[in-house]
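Peer 1: this is the structure alone, sequence omitted:
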């Protein structure tokens, strides 16, 4: 029987993990349910904000941050402070 890897962290992008809390805070206004903008998506503003705050991120990493933050807010599991 092979080791299933439980307890082993397979996430290897340490740079992205390090900036994720700050990136989530920068994106909070775009995905916070308390902010309503007539039901319109403001993803393009979120991407622009991420690239302004973290110009070193690749396009793929920016996509990962924005998508993950959106999912966290949509799930209601977004912590008050990261």
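Peer 2: Yep, it's here. Quick caveat: nothing in here was measured; it's all calculated off a predicted structure.
Peer 1: can you give me the helices for this protein?
Peer 2: With DSSP state H as the criterion, the chain has helices at 14-31, 43-53, 59-75.
Peer 1: how about TSV for the ones you listed, with mean pLDDT added?
Peer 2: Below are those laid out as TSV (pLDDT from 0 to 100):
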stretch	mean pLDDT
helix 14-31	89
helix 43-53	91
helix 59-75	90
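Peer 1: including mean neighbour count, could those helices go into CSV?
Peer 2: Heads up, the C-betas are built off the backbone N, CA and C, glycines and all. Below are the helices of the chain laid out as CSV (neighbours: other CB atoms under 10 Å):
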stretch, mean neighbour count
helix 14-31, 16
helix 43-53, 15
helix 59-75, 15
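Peer 1: now do the contacts for the closest residue to residue 54 other than its chain neighbours.
Peer 2: Counting by CB to CB, 6 or more residues apart in numbering, residue 54 lies nearest to residue 19, which is 5.8 Å off, once chain neighbours are set aside. Residue 19 makes contacts with 54, 57, 65, as judged by CB atoms under 8 Å, 6 or more residues apart in numbering.
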